[in-house]
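Q: what follows is a predicted protein model with its sequence.
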There are 2 protein chains.
Amino acid sequence: MAAEPQYQRIAALVRGRIAAGDLRAGERLPAIRALAGELGVGRRTVEEAYAELTAEGLLEARHGQGTFVADPARGPARGSGPWVSGHREPIVTSVAVSAGQVLREALRPDRRPDQISFILGAPAADLFPVGELQRALNAALREEGAGALGYEATEGYAPLRAALAHHLLGLGIAAGPDEVIVTSGAQQAIDLALRALTRPGDYVVTESPTYLGILEACEANGVRLIGVPLDDAGMEVERLAPLLAEHRPKLLLTIPDCHNPTGITMSLARRRALLALARSHGLPILEEDAYGELRYGGTPVPRLRALPGGERVIYVSSFSKVMLPGLRLGYLLASGDLHRRILFVKQASDRASGSLVQRAICRCLASRRLRSYLRVVSRRCRERRDAMLAALARELPPGARWTVPDGGLWVWVRLPDGVSALALYAAALAHGVVVAPGGAYFPDGGDPPFVALNFAAQPPERIAEGVRRLGLALRDVLTPRAQAPAP
Amino acid sequence: MAAEPQYQRIAALVRGRIAAGDLRAGERLPAIRALAGELGVGRRTVEEAYAELTAEGLLEARHGQGTFVADPARGPARGSGPWVSGHREPIVTSVAVSAGQVLREALRPDRRPDQISFILGAPAADLFPVGELQRALNAALREEGAGALGYEATEGYAPLRAALAHHLLGLGIAAGPDEVIVTSGAQQAIDLALRALTRPGDYVVTESPTYLGILEACEANGVRLIGVPLDDAGMEVERLAPLLAEHRPKLLLTIPDCHNPTGITMSLARRRALLALARSHGLPILEEDAYGELRYGGTPVPRLRALPGGERVIYVSSFSKVMLPGLRLGYLLASGDLHRRILFVKQASDRASGSLVQRAICRCLASRRLRSYLRVVSRRCRERRDAMLAALARELPPGARWTVPDGGLWVWVRLPDGVSALALYAAALAHGVVVAPGGAYFPDGGDPPFVALNFAAQPPERIAEGVRRLGLALRDVLTPRAQAPAP
């Protein structure tokens, strides 16, 4: 962490020279040793700066030839425009489309061991703090005995709610423990808010594309969707405004930080515009922040819930995405009448979340090891992101573009024109790699030319191999005839 | 267990003599020693027979005077008629009434330690198999490591589903592991079935009174209710028939074994009639069986799901009521399209239930210690039921009547005419005892003259003390002026 400023200063220098046109596409950069000598820094520092810029898609490493300025016509892009969403105007659905099949496929346990999956929204099992959790579980049972196994209050274990409120202070969010409701993962929090605020046929707003779990919860609740496109500053709030009076949506669901599946973080200006719009239309906002603590770069922006006017935002987070998805422990913040309504639905849904697990997580939070664990996970996930971005630059043919996520678990890939994501999904499966076809993330489904790739669930060498296979599959799809076996 | 036939034979003998009129109300029974000598059995055997009959309300022990035939005008009753439900015709609601407040009160953690609660639907914490669970958790983490902490398949951990299918064979239920869906308690199973099968405004059938959780889930789903009265053979199915064509309900929810809160078990004839009625109207049935393994007497009746024509019944059970409520682990059986629909809603609700807890319970089931543990819990709960019944006979004034449950956790008390259950609830609170006012269990709420008492959550001496306080509170309510302090 201490070295960041120096390599980042060098990265900024190179970035500036590319932006100014001093360094052009295809041009070779100084050798690492030479530049290190010139600048009077260590070789490792220059290496890190080049790696950062390669991850951003500004540079590309050609094997044995050195580092070059990348061609902006392919590869990652930070530019705005419709390429992230594939549509300019919001999508308004009359019925929700099932997105569930992809996720059900992903959760199937009967996977072949040689298959590489970029589909499951979880960090790698190799990063889970198993020993830490085991110590906490045993301590809770030893010290509290049967008291750790009775029904918990519907809102959750009071010391855990206090610990979460304290934890949120570190994100700039001031909330009392009485505003916290512990849930069975962020998924339940989303579903509870929909149940508390909507009736079948109501409209709900979200990003397009968006998280599969949001689409599924919307479908299960029978609501209609307004899917707002994103650009590199997040949800295009200004495109939403004209639709609000007509459809009177009951809830807006957004993932402002490290959006799933695009990895984009909403700008501060957009956040302010969104809060103002929601306030003037009396539109409740749910802010999903399951990935927000996995950041690898970029400037942190205040959470919606932490901004002036954000006090009534329903804030949702969980422990599933950064670790321990199988514990199913998430939480939400809500106040006043909203809190009361959500709590009632929680009680009717499952009475309360598991008491033992709440006690164990509470102990993990209190031990302060969670913070250091999160730092380790972030560092590893960043390495994996970089491995994914480097592999994409190496393996994907021209015409493919992808986002450079500042955090989270996902890279969003736009396929070359004319490629069917469903055909690529099938071809990739034949090559032993599982990717999520982009249509699953859109309110109107279909087969738009995108795939989502979770880079966090594999070590770097598996990522490289998986993307290599994906590149082969993409070439199969682009030139099917050339792949036919000779007679 | 081996002694049961002998004492039960003697109990049957005495029961027959009471029924035949040979022994009349108020008549004194032979002394235990004398009867034991006469019959050539041990004194303990006669004691057990008398205790059984006292628990049933047929006999009453008068301190220092011996055992007498009870007066049927007060105390427990097995007779049919409207006294169990307080209404003869089904209740048809236009909107569901909130039953949640009582339960929320019950779940509040800020209880005074000297307060005795008969309200929480759980066995006592002193019976939880803490050590067994701890061993299972540690074994799962030791042997499976991070594999025990990833996302589980939405339908649940496959070895657990297989173990549950095997376990159900012992209840006469033949089901494949593929029909099992693991849920977060029976409450979630009920809610999922409602979400999969109903839309707001639809009608749903249930017993009246019924389990709070059923009423809450119905309210959260916006359905209307047909509440069918019970007699001592369970839901009065014949009273339901005329309403089906008019209201076309989408689901019938029933608790045929050890009904909550009355403790009544539905007769075999009624079960057959219910299945026939449901089949002729295409009405799906959900059978809730959370208490069915806690039996203390009576003849076991086959589960609805185990009867001919019951193959499509949605069977729901859980580990919450017999032990470990805080683990939130239940399950349901469903097949075909129903299975698919419920699974989709489960995925949208919380993706899957906790993977570690599923593995731990699976290990507990495999160790065969659960069976012997259930035997211990049943024996203890029976002792507590008997303590409750004896205390009610001792402490409650004439005019009060109560059910004699064959199993489960609850006794259902009808108050003397003119007594408000809400007034009694308040008076009891002032005496340091918490009871559930009966209105919470009726589809149309109100203040009918009933209270529900959970006998399982306290040791016998606390039960005796709690019922003593309840008796004082009831006398306060019956003669409020006499209780005013002297000036």
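A: Arrived safely, thanks for sending. Numbering: from 1, shown residues only, chains lettered A, B, ... in the order given.
Q: pull the longest helix from chain A.
A: As assigned by DSSP state H, the longest helix anywhere in chain A is helix A:369-395.
Q: the helix or strand just after that one packs against which elements?
A: Following helix A:369-395 in sequence order, the next helix or strand is strand A:401-402 (DSSP states H and E). In terms of contacts (3 or more Cβ pairs under 8 Å, 6 or more residues apart in numbering or on different chains; DSSP states H and E), strand A:401-402 is packed against strand A:410-414. Backbone N, C-alpha and C define where each C-beta goes, glycine included.
Q: strands paired with the strand it packs on, and their directions?
A: When pairs are called by DSSP bridges, strand A:410-414 turns out to pair with strand A:401-402 (antiparallel), strand A:450-454 (antiparallel).
Q: and the helix or strand just after it, what's buried?
A: Next along the chain after strand A:410-414, taking DSSP H and E as the criterion, comes helix A:421-430. The neighbour-count check on helix A:421-430 (16 or more other Cβ atoms under 10 Å in any protein chain shown) flags A:421, A:423-425, A:427-428 as buried.
Q: and for stretch A:389-405?
A: A:389-393, A:395-396, A:399-405.
Q: before we move on, the earlier item: JSON lines for the buried residues of helix A:421-430, including pLDDT?
A: Formatted as JSON lines, the buried residues of helix A:421-430 follow (pLDDT from 0 to 100):
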{"residue": "A:Ala421", "pLDDT": "92"}
{"residue": "A:Ala423", "pLDDT": "92"}
{"residue": "A:Leu424", "pLDDT": "93"}
{"residue": "A:Tyr425", "pLDDT": "90"}
{"residue": "A:Ala427", "pLDDT": "93"}
{"residue": "A:Ala428", "pLDDT": "93"}
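Q: pick the one among the residues you listed closest to B:Ala245.
A: Among the buried residues of helix A:421-430, A:Tyr425 lies closest to B:Ala245 (Cβ to Cβ), at 48.7 Å.
Q: thought that closest one was touching A:Pro437?
A: Yes - A:Tyr425 is in contact with A:Pro437 according to Cβ atoms under 8 Å; the separation is 4.5 Å.
Q: the longest helix of chain A to strand A:410-414, inter-axis angle?
A: 20 degrees (axes from the mean of the first three to the mean of the last three Cα atoms, to 10 degrees).
Q: may I ask which helix or strand of chain A has the lowest mean pLDDT?
A: Least confident element among the helices and strands of chain A, by mean pLDDT, DSSP states H and E: helix A:100-107 (a mean of 56).
Q: tell me which helix or strand comes right after that helix.
A: Scanning forward in sequence from helix A:100-107 by DSSP H and E, the next helix or strand is strand A:116-117.
Q: point me to the residue of the stretch 351-487 of chain A nearest chain B.
A: Residue nearest to chain B within the stretch 351-487 of chain A: A:Ser355 (3.3 Å; Cβ to the nearest Cβ).
Q: report the contact partners of the residue nearest to that residue when sequence neighbours are not counted.
A: Leaving aside its chain neighbours, A:Ser355 sits nearest to B:Gly326 (3.3 Å; criterion: Cβ to Cβ, 6 or more residues apart in numbering or on different chains). Shown in contact with B:Gly326 (Cβ atoms under 8 Å, 6 or more residues apart in numbering or on different chains): A:148-152, A:352, A:354-356.
Q: and whatever helix or strand A:Leu253 lives in, what other elements does it pack with?
A: If you go by DSSP H and E, A:Leu253 is part of strand A:251-254. Applying 3+ Cβ pairs under 8 Å, 6+ apart, we find strand A:251-254 packed against helix A:185-197, strand A:203-208, helix A:268-281, strand A:285-288.
Q: go again using 6 Å as the cut-off
A: The contact analysis (3 or more Cβ pairs under 6 Å, 6 or more residues apart in numbering or on different chains; DSSP states H and E) places strand A:251-254 against strand A:203-208.
Q: returning to that earlier point: neighbour-wise, which of the contacts of B:Gly326 leads?
A: A:Gly354 (30 neighbours; other Cβ atoms under 10 Å in any protein chain shown).
Q: confidence score at that one?
A: Each residue has a pLDDT score; the one for A:Gly354 is 90.
Q: please apply the same query to A:Gly292.
A: Predicted confidence (pLDDT) for A:Gly292: 71.
Q: separation between it and A:Leu171?
A: Between A:Gly292 and A:Leu171 the distance is 8 Å, computed by Cβ to Cβ, to the nearest Å.
Q: higher neighbour count, these two?
A: More crowded of A:Gly292 and A:Leu171, by other Cβ under 10 Å: A:Gly292, with 22 against 17.
Q: which of the three states applies to the more buried one?
A: Here A:Gly292 is recorded as coil under DSSP: H, G, I helix; E, B strand; the rest coil.
Q: so who does it touch?
A: The neighbourhood of A:Gly292, defined by Cβ atoms under 6 Å, 6 or more residues apart in numbering or on different chains, consists of A:Asp257.
Q: again, only this time at 7 Å
A: A:257-258, A:407 (Cβ atoms under 7 Å, 6 or more residues apart in numbering or on different chains).
Q: how long is stretch A:11-25 end to end?
A: Distance across stretch A:11-25, first residue to last, is 17 Å (Cα to Cα, to the nearest Å).
Q: buried ones in it?
A: Buried residues in stretch A:11-25 (16+ other Cβ under 10 Å): A:11, A:14-15, A:18, A:23.
Q: pop out the phi and psi values for the nearest residue to A:Ala348 once chain neighbours are set aside.
A: Nearest-residue entry for A:Ala348: B:Ala220, 3.6 Å, with adjacent residues in sequence omitted and distances by Cβ to Cβ, 6+ apart. Backbone torsions of B:Ala220, given as degrees, to the nearest 10, read phi -60, psi -30.
Q: tell me the spacing between B:Ala220 and A:Asp191.
A: Separation of B:Ala220 from A:Asp191 (Cβ to Cβ): 11 Å.
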